[in-house]
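Novice: I'd like to go over a predicted model; first the sequence, then the structure.
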Amino acid sequence: MAERSTAAVDVADNSGDKPLTAEADQSTADGVAQNRERDTDSAASEEAQGSGGTEVGKTTPPELHSGHKLARRYRLEECVTRLDGFSSWRAVDEKLRRAVGVHILPADHARARSVLAAARSSALLGDPRFVQVLDAVEENDLVYVVHEWLPDATELTALLASGPLEPHDAYQMVSQVSHAMAAAHREGLSHLRLTPSAVLRSGSGQWRIRGLAVNAALRGISSETPQRTDTEAIGALLYAALTQRWPYEEDAYGLSGLPKDVGLIAPDQVRAGVHRGLSELAMRALVNDGATASRHESACTTPEDLVKAIGEMPRIRPPEPAFTAPPEYQRTNYHQGTYGRQTPHPGVTQPIQPPPPLQSRTGKALKWAVSALLIAALGLGSWQLADALMEQGGKSSDDTNTNQTTDGNDKDGSRTRPTKPIAIKGAEEYVAEGSAQAPEDVGNTYDGKSSTYWRTKSYNEGPTLAPYKAGVGIVYDLGSAKDVSAASIGLRYSGNHTTIHLYAADSLTPSTSVDGMKKIGTVTTSGATASVKASKSVKTQYVLLWITDVPYAPGDDYSGSGFKQAITDVTFKG
């Protein structure tokens, strides 16, 4: 049986009457109940109480075992949770040959309908920042929900077991989780179970959230103020990430709670060296209405408020990598040429003696031979240099005579004109099909700043964008018709590979497709710059920069890892 991953779904603890963010989790880091000996009958004999106060009737969970198949496709491998009438399994999708997670409960379970509804709503969101629901089915008196299984992901619970997060990691966590939950609430979805075991960091460094809507439905949890509940939970996550303490008196999720009768105190008062801005952000998200010892900011009551507050903070950059100096070179006896000699006594400095000169007859002959070769080489080099100078002088004289007799109307001749930059007067993103990439950032490509850029979206397949898109690009306005012979383009991501084409367009919103435009030039590169040179200059006022291939790049603040590219600077020459 395969080793259990930290990406198992967090479904092991049963909510009581305490507030969600204050209750202690009864599950291990990978979602397995602490009491693994709890059998089906004992689980069925207990009554579950959700935060909404709705009592769930006694329902016997289905008798399932490893090897059982659902829909002749999902083979159950290992039960990670059996609780309150439902069970959760690690399974294998035999059709697609991949690991998945499955929640199973009887079709007559009091929460079966709400679990199905929550799973289908979560699946429709399709946001990659959440662990995706793959299937939600009612079949053969069973209701089961199939979701992604992330074998390379690590729970926040496991990360905090070794200590608090670095400020940059905590900043990335709260930023990505806040943006994701703000997007979910805009679609009418809430989590209500945001705990350290529901937040995962993938192998690429991206943070993902599991159990959106589903985990709360499995336990019958509801809230009259879902946005405030999720915002407070995000604040608790940030507090724990900064201090390795749970911001309530009860111990929870493997973290120690705060001292009794002290109340909620700011993270920078709990632990030395905590980032001040993140400490204040955590307090604004928790239930103290945003009051701190030094400032009185308004409380963040929704994930959208958190997103705005994070946007007002200076960006926290990752720490600089530490480089250790290489050890000093130590000369050994072998290098000193003392092989076969007596080893000097320790602490006695021995003078370094130069090697003896070549005194034998062979040595003298070798010295004369080397001297003769050096003299011959010097003479040959002098003769070639003098010959080259004389030849160059003759050509210069011929060129002077030619220039004096050339007709003044011969403007071009055989000389190559120097190129000069062409000023860009405006630009618009060109959308041949589908949705735009980042039209508001087009001006960043010619603002003279290499730190700003226009970016494409992240694609799952590449480097060629087709068939998803024929390409993406920008149309530039040069003010008037100019002779365009070259272009220099700065790229944000290097790698295999980026292909860029230049076309002459008829306006900022071309009336013809790319196939109907006149091509200026093409370049393919794996570096961070691209230079396009036309075989013959083309006169045009509008130039389309068209990208058809992009490299694979890691995730950042704007998009996850995938095939993507960003343009920092564009310069046309004529």
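Specialist: The structure has been received and is ready for your questions. Numbering: from 1, shown residues only.
Novice: Surely Ile209 and Ser190 touch.
Specialist: No - assessed by Cβ atoms under 8 Å, Ile209 is found out of contact with Ser190, at 11.6 Å. Just so you know, the C-beta spots here come from the backbone N, C-alpha and C atoms, and that holds for glycine as well.
Novice: Domain ranges for the chain, per the record?
Specialist: 20-148, 154-312, 421-573 (automatic domain parsing).
Novice: All the strands of the stretch 51-200 of the chain, residue numbers only.
Specialist: For the stretch 51-200 of the chain, applying DSSP state E, counting those that start in this stretch gives strands covering 69-70, 74-83, 86-93, 98-106, 133-139, 142-148, 154-155, 199-201.
Novice: With distance to Leu366 and mean pLDDT added, can I get these in JSON lines?
Specialist: Below are the strands of the stretch 51-200 of the chain laid out as JSON lines (distance: least, Cβ to Cβ, whole Å; pLDDT from 0 to 100):
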{"stretch": "strand 69-70", "distance to Leu366": "85", "mean pLDDT": "93"}
{"stretch": "strand 74-83", "distance to Leu366": "77", "mean pLDDT": "91"}
{"stretch": "strand 86-93", "distance to Leu366": "76", "mean pLDDT": "94"}
{"stretch": "strand 98-106", "distance to Leu366": "72", "mean pLDDT": "95"}
{"stretch": "strand 133-139", "distance to Leu366": "80", "mean pLDDT": "94"}
{"stretch": "strand 142-148", "distance to Leu366": "75", "mean pLDDT": "96"}
{"stretch": "strand 154-155", "distance to Leu366": "68", "mean pLDDT": "94"}
{"stretch": "strand 199-201", "distance to Leu366": "68", "mean pLDDT": "96"}
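Novice: mind checking the end-to-end distance for stretch 254-261?
Specialist: Terminal residues of stretch 254-261 lie 21 Å apart, using Cα to Cα, to the nearest Å.
Novice: For that stretch, give me every contacting residue.
Specialist: Residues outside stretch 254-261 that contact it (Cβ atoms under 8 Å, 6 or more residues apart in numbering) are 29, 157, 160-161, 196, 240, 244-251, 264-265, 270.
Novice: Buried among those? Need that as a selection in ChimeraX.
Specialist: Remark: buried members of the contacts of stretch 254-261, expressed as a ChimeraX selection using 16 or more other Cβ atoms under 10 Å:
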select :29,157,160,196,240,244,245,246,247,248,265,270
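Novice: Can you show me the helices along the stretch 201-350 of the chain?
Specialist: In the stretch 201-350 of the chain, the helices defined using DSSP state H, counting those that start in this stretch lie at 214-219, 226-243, 267-270, 276-285, 303-312.
Novice: Pick the most buried one from those.
Specialist: helix 214-219 (a mean of 27; mean count of other Cβ atoms under 10 Å).
Novice: pLDDT averaged over it - what is it?
Specialist: Average pLDDT, helix 214-219: 94.
Novice: same thing with stretch 272-284?
Specialist: In the prediction, stretch 272-284 has an average pLDDT of 94.
Novice: that older thread, tabulate the domains of the chain in CSV, adding columns for distance to Pro321.
Specialist: Converted to CSV, the domains of the chain look like this (distance: least, Cβ to Cβ, whole Å):
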stretch, distance to Pro321
domain 20-148, 27
domain 154-312, 12
domain 421-573, 16
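Novice: Go through these and pick out the most buried.
Specialist: The most buried one of the domains of the chain (mean count of other Cβ under 10 Å) is domain 154-312, showing a mean of 20.
Novice: Phi and psi next, for the closest residue to Asp251 other than its chain neighbours.
Specialist: Spatially, and ignoring its direct neighbours in sequence, Asp251 is nearest to Gly257 (4.9 Å; Cβ to Cβ, 6 or more residues apart in numbering). Gly257 has phi and psi values of phi -80, psi -180 when expressed as degrees, to the nearest 10.
Novice: And the contacts of stretch 440-459?
Specialist: Contacts for stretch 440-459 (Cβ under 8 Å, 6+ apart): 424, 427-429, 437-438, 465, 468-469, 472, 474, 476, 490, 492, 547, 550, 553, 555, 558-571.
Novice: Average pLDDT for that stretch, rounded please.
Specialist: For stretch 440-459, the per-residue pLDDT averages 90.
Novice: With stretch 484-501 instead?
Specialist: The average pLDDT within stretch 484-501 is 92.
Novice: what about stretch 479-487, distance to the chain center?
Specialist: 37 Å (Cα atoms, centre = their mean, to the nearest Å).
Novice: Can you name the residues in contact with that stretch?
Specialist: Against stretch 479-487 from outside (Cβ under 8 Å, 6+ apart): 419, 422-423, 425, 478, 502, 504, 520-521, 531-534, 536-541, 543, 545, 570-574.
Novice: Good, we can wrap up now.
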